[in-house]
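[1] Pasted the sequence and its predicted model underneath.
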Amino acid sequence: MNKTVVKIVMVAVLMFGFSFALVPLYNIFCEITGLNGKTSGQVAKEVLASQVVDENRNVTVQFDASVNSELNWEFRPLEFEMQVVPGKLYKTEFYAKNLSDNDITGRATYSVTPRKASLYFNKTECFCFTEQTLKAHEEVIMPVSFIIDSKLAKEVNLMTLSYTFYKFESK
């Protein structure tokens, strides 16, 4: 019976340690690949430097915003659509307002559609990189800078960048 208890404790300790090791590895992976919005400044410069600007091509980028029902915020893009040239850096902004009488921290997740185009949407600055704390009734403008990679398939001429804000509960 002692051997079984020791084995179970060892497995639990190893699993716990492994889960902690995954966090920095995941952050490194995201920084290198640009996934989950974690594009470092250096990666952004490399992406911009590697672009071939095609002035003869336009891609429509639509912006969408929503808020999870647990977060008492107003959240919307300041512009709902923009025409972009692949390979160029663009900036847009989103408006957020805390509608409650309390300070609230939120965290945004994003998605890009069509899915096959998401690999070619590179954010260089985004409020989604960190949690956002808004004081009671505070209003903010949050910037997003991005580049559509010039290697985007020619048949893709419409992309949608969607954000959803969730209430962030620190553990």
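    Ah, there it is.
[2] And what about the residue nearest to residue 114 when sequence neighbours are not counted, helix, strand or coil?
    Of all residues not flanking residue 114 in the chain, residue 156 sits nearest, at 6.6 Å (C-beta to C-beta, 6 or more residues apart in numbering). Bear in mind the C-beta positions are built from the backbone N, C-alpha and C, glycine included. Secondary structure, DSSP: H, G, I helix; E, B strand; the rest coil: residue 156 is coil.
[3] Any figure for the gap between residue 156 and residue 115?
    11 Å (C-beta to C-beta, to the nearest Å).
[4] try residue 12
    Residue 12 is 38 Å from residue 115, by C-beta to C-beta.
[5] Quick check, the residue nearest to residue 114 in contact with residue 112.
    No. Using C-beta atoms under 8 Å, residue 156 makes no contact with residue 112, being 10.7 Å away.
[6] Between these two, which has more neighbouring residues?
    residue 112 (19 against 14; other C-beta atoms under 10 Å).
[7] can I assume that one sits in a helix?
    No. Applying three-state DSSP, one finds residue 112 to be strand, outside a helix.
[8] which intervals of the protein have sub-threshold pLDDT?
    Across the chain, the ranges flagged by pLDDT under 70 are 1, 16-50, 170-171.
[9] Need the CA coordinates for stretch 90-109. CSV is fine.
    C-alpha atoms of stretch 90-109 as CSV (Å, rounded to 0.1, in the frame of the first residue of the first chain):
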residue,chain,number,x,y,z
TYR,A,90,-2.8,49.7,-40.5
LYS,A,91,-4.3,51.0,-37.3
THR,A,92,-7.9,50.9,-36.1
GLU,A,93,-9.5,51.6,-32.7
PHE,A,94,-12.2,50.2,-30.5
TYR,A,95,-14.3,52.0,-27.9
ALA,A,96,-15.0,50.5,-24.5
LYS,A,97,-17.0,51.8,-21.5
ASN,A,98,-17.5,50.3,-18.1
LEU,A,99,-21.2,50.7,-17.4
SER,A,100,-21.0,49.6,-13.8
ASP,A,101,-20.4,51.4,-10.5
ASN,A,102,-17.3,49.2,-9.9
ASP,A,103,-13.8,48.8,-11.4
ILE,A,104,-13.8,45.8,-13.7
THR,A,105,-11.0,43.9,-15.5
GLY,A,106,-11.7,42.3,-18.8
ARG,A,107,-9.8,40.2,-21.3
ALA,A,108,-10.4,40.1,-25.0
THR,A,109,-10.2,37.0,-27.2
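[10] Now that stretch: buried residues?
    92, 94, 96, 98, 104, 106-108 (16 or more other C-beta atoms under 10 Å).
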